[in-house]
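Undergrad: sequence unknown, structure follows:
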């Protein structure tokens, strides 16, 4: 392989000041989550999480929310007002084609992973594009999320961002919310040494339909959490419970009717969650 085709990874910036730190793949260590979840042997055929009905009532979900020792938030259309991959597609001038693919995926025409691959192949996000996008598009946080995360931190509740989006784009979101970057569980873009797009890290569990469930299962095993609440707007968020102990549907930006119908507690404002925490 020639020098210009060597791979580099975009990794989550922990303490570096640049937008997107780039390291040669030979010296990049993948996040410990990959090895600890032992995904290397299951990449081709992802594990199917058992589908179980949500058994908690709204009252029980509210009680679980007040007692949570960890909260996992979806990012796109939940913590943030938009869908990052759609915004990146618009930035690249490929929004119509990507929107068509998204619509097909929503109708069950392809898996989450297939849709992710096809959308990125259309966008071809090279490193210069991603750097410029991040610089010119600061996070559009959903109203009330800063206060909510602040309340959770004040209660010593662990907060995680679990997303099918990309670590490099989510990192500024975490920074604004004072969430440690190691608490981001999302996909990683890859680039050739010359900066051109080279795909994404297919070992990341969040590239699969059941990826959020896998992450929560891992967090519970690693940290011993007993009351994990997942908050999100989409079907993959809903499917993360179980192993999450409770699910709260969020419709402040997009209302997914299937999610609203299935969620025991569905909110359209983060203020509802803040007020519930204040009941104690």
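TA: Arrived safely, thanks for sending. Just so we're clear, the structure is a prediction, and the values are computed from it rather than from any experiment.

Undergrad: just the strands in the chain please.
TA: 7-10, 22-24, 70-73, 158-166, 184-187, 189-192, 197-200, 228-232, 246-250, 265-267 (DSSP state E).

Undergrad: among those, which is nearest residue 90?
TA: Closest approach to residue 90 among the strands of the chain (CB to CB): strand 158-166, 14.9 Å. Just so you know, the C-beta spots here come from the backbone N, C-alpha and C atoms, and that holds for glycine as well.

Undergrad: Next, the angle strand 228-232 makes with the closest one.
TA: Relative orientation of strand 158-166 versus strand 228-232 (axes from the mean of the first three to the mean of the last three CA atoms, to 10 degrees): 40 degrees.

Undergrad: Let the chain start at 39 from now.
TA: All set: I'll call the first residue 39, so the last point we hit is now strand 196-204.

Undergrad: Tell me which other helices or strands strand 196-204 touches.
TA: Applying 3 or more CB pairs under 8 Å, 6 or more residues apart in numbering; DSSP states H and E, we find strand 196-204 packed against strand 108-111, helix 122-129, helix 183-192, helix 205-214, strand 222-225, helix 249-261.

Undergrad: Parallel or antiparallel, list what pairs with that strand.
TA: strand 108-111 (parallel), strand 222-225 (parallel) (DSSP bridges).

Undergrad: thinking again about what came up before, by mean pLDDT, show me the worst of the strands of the chain.
TA: Sorting the strands of the chain by mean pLDDT places strand 60-62 lowest, at a mean of 33.

Undergrad: Reformat the helices and strands packed on strand 196-204 as TSV; add mean neighbour count.
TA: Below are the helices and strands packed on strand 196-204 laid out as TSV (neighbours: other CB atoms under 10 Å):
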stretch	mean neighbour count
strand 108-111	26
helix 122-129	20
helix 183-192	17
helix 205-214	22
strand 222-225	24
helix 249-261	21
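
Undergrad: Point out where the stretch 39-188 of the chain drops to low pLDDT.
TA: Residues of the stretch 39-188 of the chain that meet the criterion pLDDT under 70 lie in 39-92, 141, 143-147.

Undergrad: Looking at the helices and strands packed on strand 196-204, spot the one closest to residue 305.
TA: Closest among these, using CB to CB: helix 183-192, at 10.6 Å.

Undergrad: residue contacts, residue 125?
TA: 171, 175 (CB atoms under 8 Å, 6 or more residues apart in numbering).

Undergrad: redo that, cut-off 10 Å
TA: The neighbourhood of residue 125, defined by CB atoms under 10 Å, 6 or more residues apart in numbering, consists of 114, 118, 133, 171, 175, 178, 207.

Undergrad: Over to residue 309?
TA: Residue 309 makes contact with 181, 182, 185, 186, 290, according to CB under 10 Å, 6+ apart.

Undergrad: of all the residues you listed, which comes closest to residue 108?
TA: residue 186 (14.4 Å).

Undergrad: Now that closest one: closest residue in space that isn't a chain neighbour?
TA: Spatial nearest neighbour of residue 186, chain neighbours left out: residue 308 (4.7 Å); criterion: CB to CB, 6 or more residues apart in numbering.
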